[in-house]
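Enquirer: Show me the folded form of this:
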Amino acid sequence: MNTIDRKSVYKYDLLPDDRVRVMMPKGAEILHVDCQSSGTISIWALVNLDSELIERFFLIRGTGHNCDNLQGRKFLGTVLDRQLGLVWHIWYG
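Expert: Below you'll find the model as predicted:
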């Protein structure tokens, strides 16, 4: 019997912190990172609605902050908070 994956794009908001835990469906594909509202980093992901939730960890570093311990992590992008004048760099893993 064929099963049909029910997929959708979900948004997850992160507060800037060194390490942020997010519960996401297993196999979620990160599509984009940006700053949609001041002080909040948003991640959009393509998710399978029928998958179990698992912990995923994101590492956030500001420009000029210590970037040790990022080996083996996947860089997702740079986020500009124009209202606060801050720049955040986001890694997964």
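Enquirer: Tell me the bridge partners for the most centrally placed residue in the chain.
Expert: In the chain, the residue lying closest to the centroid (CA atoms, centre = their mean) is residue 43, at 4.4 Å. Here residue 43 sits in beta bridges with residue 12, residue 33, going by DSSP bridges.
Enquirer: Tell me the spacing between it and residue 35.
Expert: Relative to residue 35, residue 43 is positioned 11 Å away (CB to CB, to the nearest Å). Where you see a C-beta, it was placed from the backbone N, CA and C, and this is true even at glycine.
Enquirer: What does the pLDDT read for residue 1?
Expert: Predicted confidence (pLDDT) for residue 1: 43.
Enquirer: now residue 93
Expert: At residue 93, pLDDT is 86.
Enquirer: Would you agree it is in contact with residue 59?
Expert: Yes. In this structure, residue 93 is within contact of residue 59 by CB atoms under 8 Å, at 7.5 Å.
Enquirer: what are the ranges of the strands in the protein?
Expert: With DSSP state E as the definition, the chain shows strands at residue ranges 7-14, 19-25, 29-37, 40-48, 53-62, 74-81, 86-92.
Enquirer: can you count the residues close to the residue lying closest to residue 10 once chain neighbours are set aside?
Expert: Spatial nearest neighbour of residue 10, excluding adjacent residues (CB to CB, 6 or more residues apart in numbering): residue 47 at 5.1 Å. Residue 47: 21 surrounding residues under other CB atoms under 10 Å.
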